[in-house]
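Asker: generate coordinates for the sequence data below:
(3 chains)
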Amino acid sequence: MTDANLLPEQLADDTADRHFVPAPCQIACPVGTDAPSYIAHIWEGRFAEAFEAITATNPFSSICGRVCDAPCEPACRRTASDGPVQIRNLKRFVMDKLGAEWVPPAAHVTRDESIGIVGAGPAGLVAAHDLAVAGFRVDVYEMTDRPGGMMIWGIPAFRLPAGTLNEDMERLEARCPGLTIHTNVALGRDITLADLKERHDAVGLTIGSWWGKTMGISGEADDRVIDGVEFLRRVNAGERPEMPAKVVVVGGGDVAMDACRAALRLPGCEEVTVIYRRGPEDIPARKIELEGAIEEGIEFIYNTQQVGVLADNEDRLRLRCVRTTAGEPDADGRRRPVTVEGSEHDIMCGMVIAAVGQYGACDDPATRDLMSGDRVRTDWETMRTDDPQVFAAGDGAFGGSTIVMAMSHGQRLAYYIKAWLDGIDDPVPYRTPWRTRRVPVAQDLKWELLGLHHPPFHGVGDNPVAFPEIESTYTWEEARNEAARCYRCDAETGSADYSVANREDIFLMARMKREDTSRQAAMLTKRLRSRDNPFPQDRPATVDDLVFLPANLSRLVIDPYREACKVATDLGSGRMEVAQPFFVTGFDNAPAEVKRGVGQGISQAAAGYIGMQPIADDVAWLQLVVEGQIASREDAAGLIHVIGPRFEAPTRIRRLREDQILGLAVSHGSALEDAIGFALDQDLDVLLVNGNIATGRDWPELTGAPDLTLMRDTIACLRRLNMEEEIDILWFGGLRSGTDAAKLIAMGAKSLVMGMTVALAAGAEFDESHRLRFAPDFTADECSRAVANILKSAVGEASMMARCTGKTNLHNLEPEDLRALTLATAEATGLVLAGHTY
Amino acid sequence: MVTVDLKDLSTREANESIREAAARGETIEVLNPDARHHIGVGVIHPVDIHVRGSAGYFCAGLTDTPRFHIERNAGWGLADNMYRGSVVVGGNAGAIAGVAIRGAEVVIRGNMGSRAGQVMKKGTLLCCGNANFMAGYMMYGGRMIILGESGERLGEDMTGGEIFLGGDLVSLGSDAMETDIAEDEIDDIRAFLDRYEIPFRGSLRKIVNAGKKLRYGTPERQVRSIPYFNFSGDSGYWNHKVQEDVYIKSQIGRYRVRGYGGARELPHLSDLAFARDIIPGALGDDPVSRVRMHTLIGGKNGAKPLDLTMPVLIAPMSYGALSRSAKQAVAIASGMAGIAENTGEGGMSDAQRDAAGQLIFQMLGGRLGWNIHDMNRADGLEIYISQGAKPGFGGQLMAKKVTKELAEIRGIPAGIDLRSPSRHPDILGADDLVIKVEELREATGYRVPVSVKLGAGRIHDDIKIAVKDGFDFVELDGMQGSTGAGGAEVMEYVGIPTISAICEAERALASIGRRQDIEIVLMGGLRDGVDAVKALCLGADAVALGTAAIIAGGCIACMQCHVGQCVTGIATQDPEHEKRYKPEIEAQHIYTFLESVRWQIAAVTRGLGYDDVRGPCRDDLVALTPEAAEITGLPLCPERRDSGLPEINAAMERALR
Amino acid sequence: MCGIAGILLKNGDSGIDTGTALIDMLDGCQHRGPDSTGFALYESGEEGQLKLRFHVGSDNEAGDAVAALKAVFDEHGAEVIEEERIAGSYRVVVRFSGDLQKFSYAVEHAAKVVSIGESLEIVKDVGGAHDVDDTYDVHLFRGSHGLGHVRLATESDVKPEASHPFWATGFADVAIVHNGQITNYWKMRRRLERRGFAFATDNDSELIAVYLADKMNQGIPLKDSLASSIDDMDGTFSFLVSTRDEIGYAKDRLAAKPMIMFENDDLIAIASEEVSLNRLFPGRALDTREPPPGSYRTWSRSI
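Answerer: The predicted structure is shown next:
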């Protein structure tokens, strides 16, 4: 069984794709959000697609857009240079735009089994969602009056405005018709585990950590000492209690941050101080929350531990504290705070909010058997409890964590419940599914330049007690700029040897200790695996698999930046002198405007044209003649008679003027020898060898790689007859660059005919059925410039190759300057493999 | 006064005496020079040296502050790379007089040969007679004064500096033009002539760069690269990459430029597998302590070899292509790992010298940042002939990266699109190279190894030349090697794969029975210890890692190195961007990577049953593809693909996360 | 990749012996080419007589080769006048009046021809100038002109037959020495092969020799042949050519290979480096010249 059944049906699982390596941000995300794809979609302005990518594995995207602790951001590779891409804020940008409107397709009930989930927090609701999407009927039992758990009770409105959760819940309900939420139903009070087991095929306990821990110090029973969770719960329920002027918050976690900031906004509160027992480097609060709190004027006192609470008088409390220093590291690597002797001191305040941890609890005696302390005893590998029908997840099973982590627990829970219901005892261990939408990399010129840009921060605002939101979202331009910053670690780059997979291995190698033998061994094993054969047998011979041998020591390289290389080309022993070796073909049936532009471009580049008709008055034209169809013209610079698959001697081949070139065009190996024999016999000037057999289409090169064996056989035949160079060879087929051209020249061509490449330069594009269409908005001027440029660059590249091999004349390239990279190409060209010599 | 008579001494002995006397500050007289080469190279003291007769090639080369007086003629490369000091030649000077001078005063009373002042950067080159063709070829700065005829193509492709001509102008070179001469310039020249007691009453004209070729025309649109599998392998012939290329070239009318190396899949060491199963136990304990990896490179001809803790070096990468911070990180890491680092083209910085334990100093055709003092503090010298990414082409450094500071170090004008010469002014063949190698040895007292960096092409011939020219080792770079900037077509289609290069080199050296006379450091697309061991099996004496080290240090392979605004601060000279790079942190990463490479080399070596890294050999390899079999001559055993490897179990996989 | 040297004594006695002069010049630039050394030496011979030199190898194979050669001589009516075996070579003087090209291709099949000419003799072997002289007594030559060469093998093998100078197979008395690398070698070679020429080696210098000989055979003067060679040959070259009465040089347009000349009323001497020319006139500063790129020139001896 795979986990694919749990995924929205429109997405394929790309994890099997050998090219796909998830980006670090995606790996860091507990729910595997395809962050690079949604970021890329934002850059493109495709918000709906971005929305899809965001919500695909996250039913609480609106929530996460605002309050996720975003483990993706520290994982972002750009963190190391100029700060992480603002992944969470970008999510919020999309959710603000589309979150309220979107109605996902319903996933209907298809299974007979039903599942009961206890607790409508992030873990429970996500599990319910995944199971409902998988086709089960799901009932969620929530002890409060609304679903959401810590998402609503734990986070104050200045961070998470009321209503945000509703967006997510509406989507969730629309998506999952088989999901029912029962509010005001508490386990142990209104319902028992036995009932649930009776009512459902499986039960999932996601009871959370609802209660705040006490500090365990003397005097904390004073009613001016309250726990942070309780405090937030009341505030988030809408209470706005009058506060004393000074409040001290004890603790350094997220609850402490929310509590101190909430307190500051309440009426009467003038000053809030947070004390934390370790140093600033160890404070667990998210950096952004901490910075927000500091920005708002909250004081932080580090290395200070509370030891008692003393009532000073009715208005004031004395919080007795000691100072600490960092001692030996704990099991978790953080240094244990050690009390400094004689450092006792008091902090005066009107209220102490203790945010020192949470715990879970459940009153059902049946459940109690399943618990260890305040948590449901759960096996992480299977999410099972001691009762085979009961599973558990979330804070209530594994301790306090974050919303997104709880959500991932929910996904895991759903996976194992489903596996159990499917009768699979030993399912494939769960792993966060990673998918990619393969969004092309943003072609943003500024991606390297733009630094991190935060959305505007408002702090407590003008009316603090109303808890206005602390920050706005990005404008579209800001979002686009921020999206452009993404490295796109998910997207494959252009280098095979340094593909993402190879790079990630190197990256890991750069971060593993030498003495960590198991990691070293694992990496070595990975590196020992071979890649797939890049040259499978069915790979055709191609000009791509030919390389030039550069001049180095044995020969002198001709400086490609400075020294001249002749490209002038002579055809028919002086009958036709052209400034460079290129001809263009294929535009006989092109739209008039295109033809005009191409004609001008060819003329500017001093190239020639081959076709049934001329293309411009000032362009040398070789006429393609199909006997019986078209008459030879005297104004053509040359006449090339087209030979079919079976050789038939042209009967009307003759010059209409003395300097006219005569030749044959051959596309079929079957006609080659006879055609060569005839051409030599008749003392013709040129042989046009066509590597892409014309099939009556305008662009025969669309059929794919040209047949290089024709060139090999042509030269072999001429050599056999001792007539090499006695006839000039023009090559047509698959020339995409000056490099391709140089290779064909080295193989024996004198001159080169380009079709498709010029068409692409002239604004042609592929339509959906892979046919070529000219873009309507390309003017003749643009077209001529582009055509002239592509020919100019081809001449430049070809002569660059020649210089690099030590030639001062393009036509001095030889087959011996080439090597093949594959056996197929070696065979088709008659050239030797790289690494061998003649 | 010390007299050195070349009748009785070898050049090497003579030069030792000259340098010793110079250090004592004594005036030196050289008798019977008879046009012998390398007279007085490497002198770094302000003393007078009288050469009583004619000097051969490179007289006064690679020096700083001495005053040479050559009575008669001088051969090629007079005052090569001379920093301060002066040379006065009584007769004629041969070709490329004053090549790459960096501030010296060179006075030739007679005529001078062709290409005088090639790539000179600063100082004055005066010829009282006629110049031969292409005087001032590719000069970057300084002043050339020709009192006689100019010769053909004066100032050919000069980038900076001024040429003053007293006689007839035969013809101007490409991108040179005549301009007005200022009064104070004439005064300066008169003062200079007076100082050397040269009577000249004629008028002068001034030639400078015309500025037409210093920058590329229409800028190339910068795009991020298309995934390689979209354009190589089985994707269509007219794939997206082709379309993008055509589109961009139709806008700019020239070849495209980018960073990194060959993008496509090419025959690679990955197409080989080990012939035997890796002994599983080899991975279990600490293989590094159980395998001998210590490697000496470059001691074949008596120089002090590089002393490496494993057969790995850092491949040459320039300060220029890379930021100072990135170079610093690599240097620190190489020092920590006990291997050798290489300066690349852009000169040596103090920070790099201090950080790198052993540093190879690379010399390129433009002689950018090359000088005798840094040669003296290098642990190896290297003559760059070409590199795998773009053999046959000089480096390209786009204007964006040619900052004032960088230009200063390199001795070139700031803000040009620097296209380094494709070849050396004074190495126009294997025969000249012999003399050049000797010059480097003479200048540094035969102390350090001299290597050659060679992009793989006609390796069968080139490697034989390398051994005959007396190099201690060759850094052989296959076409998978990377660069900071190069023509995209050249990266893709010029040169042969690394695996082909090493096999061809081995066969060629075996055919002349000289394999033992040179060491091969293989590079170009090697990424880890596995590639390294395979390279060693095929015959390499060591390997060099470049791109992989950079990736370990934070490179994200966007292939936009040429643009100059590297997002990670690696391939940039923009301080704002460089700020993003944390050299100390990245040095640690690169070092850790190198240590992992070391672990892998040791584990594989041991896994094959050896306790010395020189143990694994060709017999330990098989080919997995027909191409690899044909190239290497190894047996084709596709069934060995992934066989005999330890299983990656879930725990292992987790260990990697 | 090499050092080259050439000398022509314009009018009889100048106090310089060509053999010794060439040995000195080559010794002076031996650093340019340690692999092998060779000389092309011209001494007027007898009318109707040909001097032939072959590489025949060591004892056994030498015996076979000489026997095979003699068979060819018989077949073509060549009468042996004197013969000598020196090291791996065989020198023979024959009386011959037939078709030289046919004859030389025929002997080529029997043994490796080094040179054939009425006045030309080529001596070449692995080792330095003095090594070759020790074996072949080059210093005894007193002829009018000659060429010399030290070789650093780049593309073809280190074998005596791949050493310079090269004789233009089939054409008496034409020899060349070349420094550089012809980069359109195969293209040019195939052109000449199509015209019926056979090549004894893969060495590009042989190509130049055959190219020039072909031109001259068509009646084109040496000077014009040199001119066309500059257009037809690609790559780098400074080469010297000698015929019975002339020497000449051509230099490519890149002028990448060094060449320096000294001329006075008595002689013209050309070498890769001035250090070679200095060997002819120790202690004297010479007024030397460097030929411009793409140039060529010939000198004749006064007969």
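
Asker: contact partners for residue B:344?
Answerer: Residue B:344 makes contacts with B:316-322, B:362, as judged by Cβ atoms under 8 Å, 6 or more residues apart in numbering or on different chains. All C-beta atoms are positioned from the backbone trio N, CA, C, and that covers glycine.

Asker: please name the nearest non-neighbouring residue to it.
Answerer: Among residues not flanking residue B:344 along the chain, residue B:318 sits closest, at 3.2 Å (Cβ to Cβ, 6 or more residues apart in numbering or on different chains).

Asker: distance check, that neighbour against residue B:551.
Answerer: Distance, residue B:318 to residue B:551, using Cβ to Cβ, to the nearest Å: 18 Å.

Asker: just the strands in the stretch 201-303 of chain C please.
Answerer: C:235-242, C:246-251, C:260-263, C:267-271, C:296-300 (DSSP state E, counting those that start in this stretch).

Asker: and the average pLDDT for the helix or strand harbouring residue A:264 is what?
Answerer: Under DSSP states H and E, the secondary-structure element containing residue A:264 is helix A:254-265. What helix A:254-265 shows for mean pLDDT is 95.

Asker: are there helices or strands packed against it, and which ones?
Answerer: Packing contacts for helix A:254-265, counted by 3 or more Cβ pairs under 8 Å, 6 or more residues apart in numbering or on different chains; DSSP states H and E, involve helix A:228-236, strand A:246-250, strand A:271-275, helix A:287-295, strand A:351-354.

Asker: which residues does the closest residue to residue B:205 other than its chain neighbours bridge with?
Answerer: Sequence neighbours aside, residue B:165 is the residue nearest to residue B:205 in space, at 5.1 Å (criterion: Cβ to Cβ, 6+ apart). With beta bridges defined as DSSP bridges, residue B:165 has these partners: residue B:146, residue B:205.

Asker: I'd like the distance between residue B:165 and residue A:364.
Answerer: Taking Cβ to Cβ, one finds residue B:165 at 104 Å from residue A:364.

Asker: quick one: which of those two has more around it?
Answerer: residue B:165 (25 against 22; other Cβ atoms under 10 Å in any protein chain shown).

Asker: isn't the more buried one up against residue B:155?
Answerer: No. With contacts counted by Cβ atoms under 8 Å, residue B:165 stays clear of residue B:155, the gap being 9.4 Å.

Asker: who touches both of the two?
Answerer: If you check residue B:165 and residue B:155 against Cβ under 8 Å, 6+ apart, the residues they both contact are residue B:207.

Asker: list the residues that contact the residue of the stretch 451-600 of chain A found nearest chain B.
Answerer: Scanning the stretch 451-600 of chain A for the residue nearest chain B gives residue A:494, at 3.0 Å (criterion: Cβ to the nearest Cβ). When contacts are counted by Cβ under 8 Å, 6+ apart, residue A:494 touches B:225-228, B:260, B:263, B:559.

Asker: give me that answer again for 7 Å
Answerer: With Cβ atoms under 7 Å, 6 or more residues apart in numbering or on different chains as the criterion, the residues that contact residue A:494 are B:225-228, B:263, B:559.

Asker: closest to residue A:150 among the residues you listed?
Answerer: Taking Cβ to Cβ as the measure, residue A:150 lies nearest residue B:227 of the contacts of residue A:494, at 41.4 Å.

Asker: turn the contacts of residue A:494 into a markdown table, columns for neighbour count and pLDDT.
Answerer: What follows is the contacts of residue A:494, written out as a markdown table (neighbours: other Cβ atoms under 10 Å in any protein chain shown; pLDDT from 0 to 100):
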| residue | neighbour count | pLDDT |
| --- | --- | --- |
| B:225 | 24 | 87 |
| B:226 | 23 | 88 |
| B:227 | 23 | 87 |
| B:228 | 23 | 88 |
| B:263 | 25 | 91 |
| B:559 | 24 | 92 |
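
Asker: just give me the closest of the residues you listed to residue C:249.
Answerer: Each of the contacts of residue A:494 was scored against residue C:249 by Cβ to Cβ, and residue B:263 proved nearest at 46.4 Å.

Asker: I figured the closest one hits residue A:495, correct?
Answerer: Yes. Shown here, residue B:263 and residue A:495 form a contact pair, counting by Cβ atoms under 7 Å, at 5.2 Å.

Asker: so which strand or helix has whatever residue of the stretch 151-300 of chain B ends up closest to chain C?
Answerer: Across the stretch 151-300 of chain B, the shortest distance to chain C (Cβ to the nearest Cβ) belongs to residue B:152, at 6.7 Å. Counting by DSSP H and E, residue B:152 is held by no secondary-structure element, helix or strand.

Asker: burial of it, as a residue count?
Answerer: With neighbours defined by other Cβ under 10 Å, the count for residue B:152 comes to 19.

Asker: report the spatially closest residue to it, excluding sequence-adjacent ones.
Answerer: Once flanking residues are discounted, residue B:152 sits nearest to residue B:133: 4.2 Å by Cβ to Cβ, 6+ apart.

Asker: so residue B:260: helix, strand or coil?
Answerer: Here residue B:260 takes the strand state, with states given by DSSP: H, G, I helix; E, B strand; the rest coil.

Asker: that one contacts residue B:559, correct?
Answerer: Yes. At 4.3 Å, residue B:260 and residue B:559 qualify as touching, with contact defined as Cβ under 7 Å.

Asker: which neighbours do those two share?
Answerer: residue A:495.

Asker: about what we covered before: nearest to chain C, of the helices and strands packed on helix A:254-265?
Answerer: With Cβ to the nearest Cβ as the measure, helix A:287-295 is the member of the helices and strands packed on helix A:254-265 nearest chain C (63.0 Å).

Asker: check what contacts that closest one and list those residues.
Answerer: So helix A:287-295 is contacted by A:254, A:257, A:260-261, A:283, A:300, A:457, A:459, A:470 (Cβ under 7 Å, 6+ apart).

Asker: nearest to residue B:441 among the residues you listed?
Answerer: Using Cβ to Cβ, the shortest approach to residue B:441 within the contacts of helix A:287-295 belongs to residue A:283, at 61.6 Å.

Asker: OK, contacts around residue B:599?
Answerer: Applying Cβ under 7 Å, 6+ apart, one finds that residue B:599 lies in contact with A:514, A:520, B:287-288, B:529.

Asker: same thing but at 6 Å, please
Answerer: If a contact means Cβ atoms under 6 Å, 6 or more residues apart in numbering or on different chains, then residue B:599 has A:514, A:520, B:288 as its contacts.

Asker: the one helix or strand residue B:503 maps to near chain A at all?
Answerer: Following DSSP H and E, the helix or strand that holds residue B:503 is helix B:498-511. Yes. On the criterion Cβ under 6 Å from any Cβ of the partner chain, helix B:498-511 is in touch with chain A at B:500, B:503-504.

Asker: count the neighbours of residue 148 for me.
Answerer: Using chain A here. Here the number of neighbours of residue A:148 (other Cβ under 10 Å) works out to 24.

Asker: that was the other one, I meant chain C.
Answerer: Neighbourhood size, residue C:148 [other Cβ under 10 Å]: 35.
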